[in-house]
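S.K.: need the 3D shape of this:
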Amino acid sequence: MTRMTTYLSVLVALISLIASSVSMAADANMNATSDDAAASAQEFFLLQLQAEIQGRLSDLDASVENASLSLSATGIDSEKARDVLLNLTGTGSDFMEAVTISPQGRMVLAEPAVFKSSEGADLNRQDVVQQIERTRSPVFSEVFGTVEGNDAVAMIYPVFSLAGNFTGAVSATFKPGAFLGGIIAQKINGTPYSVWLMQRDGRILYDPDPSEIGRMLFEDPLYKDYPSLLELGRTMAKERAGMGSYYFLREGLQGNATKVTYWTTVGLHGNEWRLAVVRAVE
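M.R.: Numbers count the residues shown, from 1 in each chain. Have a look, this model is predicted:
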């Protein structure tokens, strides 16, 4: 082989190597750009969903506050008070039950009619009732068991007479899974995302798989073999917003996937829910 032939061979190999390196760099840059775009889109979706859920919670809270102001004039034990409660639970409302509570912690009135049999029940064992009796400030509860046997959350406002005396409270309850599902299902339709929410103690408030709603993330056997999920859950419990990933079952509990997760917070009156938007990756 002549020196010129050798030179040309080396030159061709060098050009090929450079072209290959440029192509690899372009591919890497394209992949990085694609990953950045996916992350930005996921964060934007999370913020949109946060605004929607927080807005709906605030609207419900305002309706209970307005009810407490009306009850200042009607009292907590009158036919007009029943009208106030029925207005809270009317057609299209997210509230399933509304009650008035005496200063002694007893249920005075309950609406709609299906709940009237609970009137007179002693509610003093409920933490939320103790809290409002103690603080006389609005409460947004964690999930608790109602006297009728439902798992629900409550929005409670104190009621004061027109003279400013504490006369009791008004409480309206709803099921968080149903409330959240009504918002989330239509939002995620046609997107690559899944959404779940939890209390800071790890209770799952909403998940696309109904069988997971109500489970305790840090205690339930379903999650014990997924340490990355438990680690992320503990971080979420401590931090109001962030991102991470975990390895867990796909939707329908069939097969596993790595799930990139961005989360933030919604809530009221010091009670916070962690809202997570998840994107499965191979």
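S.K.: so where's this protein uncertain?
M.R.: Filtered on pLDDT under 70, the chain yields the residue ranges 1-32, 252-254, 282.
S.K.: repeat the analysis, applying 90 as the threshold.
M.R.: 1-37, 91, 145-151, 249-256, 281-282 (pLDDT under 90).
S.K.: centroid-nearest residue for it?
M.R.: Residue closest to the average C-alpha location in the chain (CA atoms, centre = their mean): Leu197, at 3.7 Å.
S.K.: give me the sheet partners of the host helix or strand of it and which way each runs.
M.R.: Here Leu197, judged by DSSP states H and E, is contained in strand 193-199. The strands beside strand 193-199 in its sheet (DSSP bridges) come out as strand 204-206 (antiparallel), strand 271-281 (antiparallel).
S.K.: can you pull the buried residues of that strand?
M.R.: Neighbour counts over strand 193-199 (16 or more other CB atoms under 10 Å) mark Tyr193, Ser194, Val195, Trp196, Leu197, Met198, Gln199 as buried. Bear in mind the C-beta positions are built from the backbone N, C-alpha and C, glycine included.
S.K.: pick the one among those residues closest to Leu230.
M.R.: In terms of CB to CB, no member of those lies closer to Leu230 than Met198, at 12.1 Å.
S.K.: for Ser211, see how far away Phe140 is.
M.R.: Counting by CB to CB, to the nearest Å, the gap from Phe140 to Ser211 is 26 Å.
S.K.: okay, the two: which has more neighbours?
M.R.: Per other CB atoms under 10 Å, whichever of Phe140 and Ser211 has more neighbours is Phe140, with 20 against 10.
S.K.: what residues of stretch 221-240 count as buried?
M.R.: Buried-residue list, stretch 221-240, by 16+ other CB under 10 Å: Leu222, Tyr223, Tyr226, Leu229, Leu230, Leu232, Gly233, Met236, Ala237.
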